[in-house]
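Participant: The sequence and its predicted three-dimensional model are supplied below.
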Amino acid sequence: MPELPETETIARDLDRALSGVMIVGVRVLKADVLRDTTAASLSRRLLGARIERSFRRAKAVVIALDSGDRIVVQPRFTGALLIDDGTLPAEALDYVTVFFDLDDSRILAYRDIRRLGTLSLMTPQRFAKFDAALGPEPLDPEFTARHLSGILRDSRQAVKKLLMDQRRIAGVGNIYANEALWRAGIDPSRQSRSIDGGGVSALHAGITSVLREAIEARGTSFRDYRDAAGARGGFSEKLAVYGRGGLPCPSCGATLIDTSAIDGRTTVFCAWCQR
């Protein structure tokens, strides 16, 4: 958390708001979030750089600069990229680790309460290596049910664990793996290679539908996730299983099982609907 829908929401917000803007100041308050750079190097390389576009790769927000460098932010549990035009409440800027001053008097702030996220400054070569280590994007047209079948067929892992492996499929985390598997009617502990053609098609539909719907709702907020304006996402109200262990299954009414047995992460599923 944040996963694909949350980072996609942030990236789209930044792209609309910041394309063409120049960075005129960098203030690093907590250097322990930095990767692939130092505070001094970050400031030196970013001063005078213009933001060309912002986009998402896996669960990271990427800000492309006209210098060729990429600012790559992986928010993880409590990170957020906020645009302040002077109207954000003061408490929204608590726990800011890095400020970027912009030439239109606005500020882009990287806020991270627990400082488990990272902010990297990557050269084109370093970004290419980062990108190559990640799996396909599940919302790209090339990610078909047939493509997913090939990924599943090569693995004996529990299917939920495979869905969360960023080297296999980029961007899916714990929330949406739970939701996609419930939609597909597949037990999260089932061996990936055992899923047949009908199951693959159902899982592909479950993955793509839940991600698109969550993006439409601007992500899922429980505690810390906020979009670039500091607002909460609305998909938490539409979750079928995640965070609902012990409650009735929305489909059959059976009690949802909550376990950490599969990969040490919270897994919620319906033993009747998911086989």
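Facilitator: Okay, I see it. Numbering: from 1, shown residues only.

Participant: tell me the domain boundaries of the protein?
Facilitator: 4-132, 145-269 (automatic domain parsing).

Participant: Quick check: which element contains residue 189?
Facilitator: For residue 189, there is no enclosing helix or strand under DSSP states H and E.

Participant: need the strands for the protein, in chain order.
Facilitator: Secondary structure of the chain (DSSP state E): strands located at 23-28, 34-35, 51-57, 60-65, 70-74, 79-84, 96-102, 107-112, 118-122, 257-259, 267-269.

Participant: Mean neighbour count and mean pLDDT added to the domains of the chain, as JSON lines?
Facilitator: In this view, the C-beta of every residue, glycine as well, is placed from N, C-alpha and C. Shown next, in JSON lines, are the domains of the chain (neighbours: other Cβ atoms under 10 Å; pLDDT from 0 to 100):
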{"stretch": "domain 4-132", "mean neighbour count": "18", "mean pLDDT": "97"}
{"stretch": "domain 145-269", "mean neighbour count": "18", "mean pLDDT": "95"}
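
Participant: Identify whichever of the strands of the chain lies nearest to residue 217.
Facilitator: strand 51-57 (16.3 Å; Cβ to Cβ).

Participant: Regarding the chain, what is its longest helix?
Facilitator: Criterion DSSP state H: the longest helix present in the chain is helix 197-216.

Participant: For that helix, give me every contacting residue.
Facilitator: When contacts are defined by Cβ atoms under 8 Å, 6 or more residues apart in numbering, helix 197-216 is touched by residues 4-5, 8-9, 138-139, 143-145, 148-149, 152, 159, 163, 169, 171-172, 176, 179-186, 195, 220, 233, 235, 238.

Participant: Using PDB, write out every CA atom in that helix.
Facilitator: Provided in PDB are the C-alpha atoms of helix 197-216 (Å, rounded to 0.1, in the frame of the first residue of the first chain):
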ATOM      1  CA  GLY A 197      -8.200 -22.100 -18.900                       C
ATOM      2  CA  GLY A 198     -11.500 -21.000 -17.400                       C
ATOM      3  CA  GLY A 199      -9.900 -20.100 -14.200                       C
ATOM      4  CA  VAL A 200      -7.200 -18.100 -16.000                       C
ATOM      5  CA  SER A 201      -9.800 -16.100 -17.900                       C
ATOM      6  CA  ALA A 202     -11.700 -15.400 -14.700                       C
ATOM      7  CA  LEU A 203      -8.500 -14.300 -12.900                       C
ATOM      8  CA  HIS A 204      -7.500 -12.100 -15.700                       C
ATOM      9  CA  ALA A 205     -10.900 -10.500 -15.600                       C
ATOM     10  CA  GLY A 206     -10.800 -10.200 -11.800                       C
ATOM     11  CA  ILE A 207      -7.400  -8.500 -11.900                       C
ATOM     12  CA  THR A 208      -8.200  -6.000 -14.600                       C
ATOM     13  CA  SER A 209     -11.700  -5.100 -13.500                       C
ATOM     14  CA  VAL A 210     -10.700  -4.500  -9.800                       C
ATOM     15  CA  LEU A 211      -7.700  -2.300 -10.800                       C
ATOM     16  CA  ARG A 212      -9.800  -0.200 -13.200                       C
ATOM     17  CA  GLU A 213     -12.600   0.200 -10.700                       C
ATOM     18  CA  ALA A 214     -10.100   1.200  -8.000                       C
ATOM     19  CA  ILE A 215      -8.500   3.800 -10.300                       C
ATOM     20  CA  GLU A 216     -11.900   5.200 -11.100                       C
END
